[in-house]
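*Asks:* give me a model of this one.
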Amino acid sequence: MQTEVIDLKKAKLELVAKRGYRNWVTRYKEGFHVKTRPCDISLETLRHLAKGKGENAFCLYDLIMNLLELGSGFELNEIDSEDKMMVIDRYLFLLDIIRYEYMKRAGWLESYPGENLALVELIVDYVKLGPSLQAELPLLKEDHPDYKQYLEMNTFEKTEFIRKLIPGILKEIERKP
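*Replies:* Residues are numbered from 1 along each chain as shown. Predicted coordinates:
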């Protein structure tokens with residue numbers, strides 16, 4: 001008789017990820033799992049999530065709250081203020097990651113910090129990963145019309161420049177059917 005060692009932490013994380021993704025599976029008709037990275041999400045789903053409002057925002061809140069074992073996204077307004085801020089911080093961080101992935105696929109960015117990490121990992125390990133990833137800059141593609149100007153900017157200006165791209169990508173998203 002051979003005994004099998006089960007990693008309880010990993011099994012629990014897979015269970016809460018499955019619960020957290022249940023609304024994503026229903027809404028977006030894709031398979032999501034504990035190792036789903038931004039690049040694994042379809043363009044159509046990214047387009048919806050990047051909007052960051054309505055049912056799409058709920059899906060992000062629901063995933064985060066389930067992973068943090070704070071309940072469903074429906075209960076966001078019922079949790080204490082400290083937990084609510086913890087969820088909102090992760091929501092804003094995750095929303096940026098999703099928007100950066102969309103910008104990358106649109107040909108605006110070469111790469112961005114955290115792109116090879118799973119969404120679950122980005123949320124669960126946010127305290128450890130978030131600050132360092134937020135301190136790094138996405139890299140603008142060389143063929144972007146403002147690339148030469150971007151190269152001449154300091155870090156603060158580059159950060160501001162990238163943030164100013166977000167409304168443009170949201171307008172592009174809205175133009176798509």
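*Asks:* tell me how far stretch 105-121 lies from the chain's centre.
*Replies:* When C-alpha coordinates are averaged (C-alpha atoms, centre = their mean, to the nearest Å), stretch 105-121 and its chain have centres 9 Å apart.
*Asks:* could you give me the average pLDDT of it?
*Replies:* The average pLDDT for stretch 105-121 rounds to 95.
*Asks:* now tell me what touches that stretch from outside.
*Replies:* 13, 17, 20, 34-39, 43, 46, 63, 67, 94, 97, 100-101, 103-104, 122, 129, 132-134, 136-144, 165, 169, 172 (C-beta atoms under 8 Å, 6 or more residues apart in numbering). C-beta coordinates here come from the backbone N, C-alpha and C atoms, glycine included.
*Asks:* same thing but at 7 Å, please
*Replies:* With C-beta atoms under 7 Å, 6 or more residues apart in numbering as the test, stretch 105-121 has contacts from 13, 17, 34-39, 43, 67, 94, 97, 100-101, 103-104, 122, 129, 133, 136, 138-141, 144, 165, 169, 172.
*Asks:* what do you get for stretch 76-93?
*Replies:* For stretch 76-93, contacts defined as C-beta under 7 Å, 6+ apart pick out Leu60, Tyr61, Ile64, Met65, Leu68, Leu70, Ile123, Tyr126, Gly130, Gln134.
*Asks:* whichever of the residues you listed end up buried, select them in ChimeraX.
*Replies:* The buried residues among the contacts of stretch 76-93 can be selected in ChimeraX (16 or more other C-beta atoms under 10 Å) with this line:
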select :60,61,64,65,68,70,123,126,130
